[in-house]
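have a look at this prediction, sequence included:
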Amino acid sequence: MKVINDLYDYKNYKIVQDDAVFKFSLDSILLAEFVKLKEKDKVLDICTGNAVVPLILSYYFPNEIIGFEIQKYIYELALESVKINQKENQIKLICDDVKNAKNYFPGNIFDVIVANPPYFKYQNNSLINENQNKAIARHELFLDLESLFQIVKQMLKEHGILYLVHLPERLEEIFYYCEKYKIIVKEVQFVYTKETGCATIVLLKCIKGASNSLKVLAPLYIENRATYQKCFRGCYK
């Protein structure tokens, strides 16, 4: 059933969801909070879902944001979310496979690309959700890691920034494709549920055409946090 919820604790922001097919996760909030934008940065959000990342970015920044979502119903939820928050002049959404981005934009046009892609590989014997919407969101049915980096290579300006959220167990592959496509990892942020246990997700800041120098940031523990706002960065003006 489609519902309108508060967008966590972002004051006066709403999100349109349907828990039968798709609900945003904490990963999207943390990814948006991890992003830093300059005044004129043009932003592409890959796998935008119901537009959580663009909406949170719009909470902090006035930049133009383009979001791609392949699933029509999820895209329609995103359109409603953008409209209900009166962000139509800032957030533009496209319902298409992001591999077709070249049909909408020339190459090397975006200053920042943000991506919360499907986490799990798909093979013939993979166990996937019977709900197609959830399966597409979680498994690499339409977008695998290499395809993601090919898109980033094509759409990102030289020295542009990729912000990516993914699973720690996929880091070896991520580093491989970063090296292959010259999208160099500059910062790694591990996120833990609590201080005992392994990291549950990892956030990366990568720069196209940068020199090799890697910073591993202090861990973030999310158990019992009252808010995730500004959990990675200092105070805003």
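Now that the structure is in, tell me what you want to look at. Numbering: from 1, shown residues only.

hey, where'd the strands end up in this protein?
Assigned by DSSP state E, the strands in the chain fall at 2-6, 14-18, 43-46, 65-69, 91-95, 110-115, 156-166, 183-192, 201-208, 215-216, 220-221.

could I get those strands as TSV with distance to Glu146, mean pLDDT and mean neighbour count?
Heads up, the C-betas are built off the backbone N, CA and C, glycines and all. Shown next, in TSV, are the strands of the chain (distance: least, C-beta to C-beta, whole Å; pLDDT from 0 to 100; neighbours: other C-beta atoms under 10 Å):
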stretch	distance to Glu146	mean pLDDT	mean neighbour count
strand 2-6	35	94	12
strand 14-18	31	95	20
strand 43-46	14	98	26
strand 65-69	17	97	25
strand 91-95	22	98	19
strand 110-115	13	98	23
strand 156-166	13	97	21
strand 183-192	12	96	20
strand 201-208	15	97	21
strand 215-216	24	95	10
strand 220-221	28	93	17
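
want to try CSV for the ones you listed, with distance to Gln229 as columns?
Formatted as CSV, the strands of the chain follow (distance: least, C-beta to C-beta, whole Å):
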stretch, distance to Gln229
strand 2-6, 13
strand 14-18, 15
strand 43-46, 19
strand 65-69, 18
strand 91-95, 19
strand 110-115, 17
strand 156-166, 17
strand 183-192, 15
strand 201-208, 16
strand 215-216, 23
strand 220-221, 13
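
those strands: which one's closest to Gln150?
strand 183-192 (10.3 Å; C-beta to C-beta).

which residues are in contact with that closest one?
30, 34, 149, 152-153, 156, 162, 168, 174-175, 177-178, 198-217, 219-222, 232 (C-beta atoms under 8 Å, 6 or more residues apart in numbering).
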